[in-house]
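Colleague: Let me see the structure of the following:
(chains A, B, C and D)
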There are 2 protein chains.
Amino acid sequence: MVKPVSKDDHKTEEKILEAAKDEFMKFGLYGARMQSIADTAGINKALLHYYYRSKENLFDKVFEGALKRYFDQMDVLEDEALSFKKRIFLYIDHLIDFLEEYPHVSLFIIKEVSVSPEMFKEKMYSTRKSRGKKLYILLEEEKVKKTIANIDTQMFIINMQSMCYYPFIASPLYKTIFNLSAKDWKDISNVKLKKAVKNFVERTLNI
Amino acid sequence: MVKPVSKDDHKTEEKILEAAKDEFMKFGLYGARMQSIADTAGINKALLHYYYRSKENLFDKVFEGALKRYFDQMDVLEDEALSFKKRIFLYIDHLIDFLEEYPHVSLFIIKEVSVSPEMFKEKMYSTRKSRGKKLYILLEEEKVKKTIANIDTQMFIINMQSMCYYPFIASPLYKTIFNLSAKDWKDISNVKLKKAVKNFVERTLNI
DNA sequence: ATTCAATTTAACCATTTGGTTAACTACAAA
DNA sequence: TTTGTAGTTAACCAAATGGTTAAATTGAAT
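Modeller: Residues are numbered from 1 along each chain as shown, chains lettered A, B, ... in the order given. Model (predicted):
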């Protein structure tokens, strides 16, 4: 006797969110198709509207989740037990591993921010508050301020993040231009990139 | 007597292309609306199909133009009269000025490449050929190879380009996070960024 | 077994959107 | 003046798409 498939293990609501995540990440709010989400989730289109009122609302839910994960990898920056150098090096490792897993997330968030910066601001603050985290701790900590006193902190953050994020955004371009296999690219975008960013940070901060 | 407006100064075809450029850059192939393009160009929607067969075709034309401009700023890399350092510094200046003017172009190209890498490859090579340019001259020149012998050339290019391109892609994010006025951001993304990238190049290449 | 609410579906609907058609206009050549 | 061609338009059309509805199904509580 086969055990009857007593409902799904994962509730429909979850499946929808998962399918929506893929679709929205790849195609954005405009490009995403409700039918495609329903198909991926293996359910009827009307169910989308049953669980999530509208396309915009579903998108919001996906966006919130992405934003949460986006900030999650910053936790290590607050681990007081580690030295500044270790913290920032771990942050780089986590960030690049994270981007390998979710290469679309940064662009997804950027696009959303450019559409409605106010909404993003709200969501950003509420996410920070609810998890008790400081976002740009690098800018705020006294001992760090001392360490990097003679460099432009904002520019430093922008440079470091650029080096981490951009390769994943532009990976189709680089794969094409450099004629790279998936394996080659993985080596570049993980091993080599981590080394390069750490090197940059080391030299810039003199640590 | 008012001189009769003997046809438009700019032909309709041009106006369409200009309007299409704006629309496609901002919203991509999916998000762009033919009606919106027609409105911006101040003409009837049917004219779009009269001059450019279909949406895809119009998009292609815009894309080709963007690709051309995208490669244009690399000309300076081939000026044999300049030292390597001057060439690469000028390239940085040109690139960042260019990005200030067309902040959407890099993302636009990346998105298009990810949809159809083969098409991009073709267009890339034909653009290079028709203008007799080498794209990644940095990788090919003997004396440069010598200069940067002990660093990973691909990684270097990726790092440098990341530092240049990403801030413009992520500008909505940074403006929001750092609470910057348009003026503040311009200073960061032009003056300070140029300095930072040059600094990075100088230290990395030991020049 | 009945009830009742939560879940799911097929069939629609209204709007948007890319694209077409047939007619009209301007203007240069014959 | 007539004719022919390029340019332009309003009015449509078919498909796609987000969204709605009313009916069916399920499953737990009574």
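Colleague: Return the residues of chain A in contact with DNA strand C.
Modeller: A:7, A:12, A:43-47, A:50 (Cβ under 7 Å from any atom of the strand). (Each C-beta comes from the backbone N, C-alpha and C, glycine too.)
Colleague: Which of these lies at the shortest distance from chain B?
Modeller: Here the nearest of the residues of chain A next to DNA strand C to chain B, counting by Cβ to the nearest Cβ, is residue A:45; it sits at 19.2 Å.
Colleague: helix, strand or coil for the spatially most central residue of chain A?
Modeller: The centroid of chain A falls nearest to residue A:70 when counting by Cα atoms, centre = their mean (3.8 Å). What DSSP: H, G, I helix; E, B strand; the rest coil gives for residue A:70 is helix.
Colleague: That one and residue A:107 touch, don't they?
Modeller: No: Residue A:70 lies out of contact with residue A:107 (Cβ atoms under 8 Å); the separation is 11.5 Å.
Colleague: Let's test this: name the helix or strand in chain A with the lowest mean pLDDT.
Modeller: Every helix and strand of chain A was ranked by mean pLDDT, DSSP states H and E. The lowest is helix A:137-140, at a mean of 56.
Colleague: for chain A, which spans come out with low pLDDT?
Modeller: Within chain A, the stretches with pLDDT under 70 are A:1-10, A:127-150.
Colleague: Got the domain ranges for chain A?
Modeller: A:11-52, A:53-205 (automatic domain parsing).
Colleague: mind listing what the residue nearest to the centre of chain A touches?
Modeller: A:105-106, A:109 (Cβ atoms under 8 Å, 6 or more residues apart in numbering or on different chains).
Colleague: of these, buried ones?
Modeller: By the neighbour-count criterion of 16 or more other Cβ atoms under 10 Å in any protein chain shown, the contacts of residue A:70 include these buried positions: A:105-106, A:109.
Colleague: Filter those down to just the ones in strands.
Modeller: If you go by DSSP state E, the buried ones among the contacts of residue A:70 have nothing in strands.
Colleague: Next, format those as a markdown table and append distance to residue B:39.
Modeller: Listed next are the buried ones among the contacts of residue A:70 as a markdown table, based on distance: Cβ to Cβ, whole Å:
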| residue | distance to residue B:39 |
| --- | --- |
| A:105 | 34 |
| A:106 | 33 |
| A:109 | 30 |
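Colleague: Restrict the longest helix along chain A to CA atoms and write it as PDB.
Modeller: Identified as the longest helix of chain A according to DSSP state H is helix A:12-31. Extracted as PDB, the C-alpha positions of helix A:12-31 are listed here (Å, rounded to 0.1, in the frame of the first residue of the first chain):
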ATOM      1  CA  THR A  12       0.700  25.700  -1.500                       C
ATOM      2  CA  GLU A  13       1.400  29.200  -0.100                       C
ATOM      3  CA  GLU A  14       5.100  28.300   0.100                       C
ATOM      4  CA  LYS A  15       5.300  26.800  -3.300                       C
ATOM      5  CA  ILE A  16       3.800  29.900  -4.800                       C
ATOM      6  CA  LEU A  17       6.300  32.100  -3.000                       C
ATOM      7  CA  GLU A  18       9.200  29.900  -4.200                       C
ATOM      8  CA  ALA A  19       8.000  30.000  -7.800                       C
ATOM      9  CA  ALA A  20       7.300  33.700  -7.600                       C
ATOM     10  CA  LYS A  21      10.800  34.300  -6.300                       C
ATOM     11  CA  ASP A  22      12.400  32.600  -9.300                       C
ATOM     12  CA  GLU A  23      10.100  34.400 -11.800                       C
ATOM     13  CA  PHE A  24      10.400  37.900 -10.300                       C
ATOM     14  CA  MET A  25      14.200  37.600  -9.800                       C
ATOM     15  CA  LYS A  26      14.700  36.600 -13.400                       C
ATOM     16  CA  PHE A  27      12.200  38.900 -15.200                       C
ATOM     17  CA  GLY A  28      11.400  41.600 -12.700                       C
ATOM     18  CA  LEU A  29       7.900  43.000 -11.900                       C
ATOM     19  CA  TYR A  30       7.100  43.700 -15.500                       C
ATOM     20  CA  GLY A  31       8.500  40.700 -17.200                       C
END
